[in-house]
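In: Sharing a model that was predicted from the sequence below.
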Amino acid sequence: MKNIHCKVFGHDYKVTRHVTYHVKEYTCESCKKQLTTSGNGNLIELTPKFKEINDVLERIHHKRILRINKRMTTSKQQKEAKLLIA
């Protein structure tokens, strides 16, 4: 019964997970079909292989963001210290 809605009106995809800025995972509200963004930007079915790839991508992306934020905070503190000394 759930698939009838999708066959008649099309899928109603909602973003369920932001993996990186460009890669997201989507789930259909009615039939629970899952998709993800492929390497070239197309939507493809979310298989266990792509689920694992997205997990690794998310972990790398999160670590990189933390490292960039830490570097920016450190440089900001150094600039403030230079201003106080001068």
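Out: Thanks, I have the structure now. Computed from a prediction, not measured in an experiment: that's the story for all the values here.
In: Helix or strand with the lowest mean pLDDT in the chain?
Out: helix 2-9 (a mean of 82; mean pLDDT, DSSP states H and E).
In: what about residue 44, helix or strand, and which?
Out: Element membership of residue 44 [criterion: DSSP states H and E] is strand 43-45.
In: mean confidence score for that strand?
Out: The average pLDDT for strand 43-45 rounds to 95.
In: mind listing what that strand pairs with, with the direction of each?
Out: When pairs are called by DSSP bridges, strand 43-45 turns out to pair with strand 34-37 (antiparallel).
In: now what about the partner strand, what contacts it?
Out: 13, 16, 19, 22-28, 43-46, 50-51, 54 (CB atoms under 8 Å, 6 or more residues apart in numbering). Bear in mind the C-beta positions are built from the backbone N, C-alpha and C, glycine included.
In: just how off-centre is that strand within its chain?
Out: Strand 34-37 sits 11 Å away from the centroid of its parent chain (CA atoms, centre = their mean, to the nearest Å).
In: Mind exporting the C-alpha coordinates of it to PDB?
Out: Extracted in PDB, the C-alpha atoms of strand 34-37 (Å, rounded to 0.1, in the frame of the first residue of the first chain):
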ATOM      1  CA  GLN A  34      16.900   5.300   1.000                       C
ATOM      2  CA  LEU A  35      19.200   7.200  -1.400                       C
ATOM      3  CA  THR A  36      22.500   9.000  -1.100                       C
ATOM      4  CA  THR A  37      24.500  11.300  -3.300                       C
END
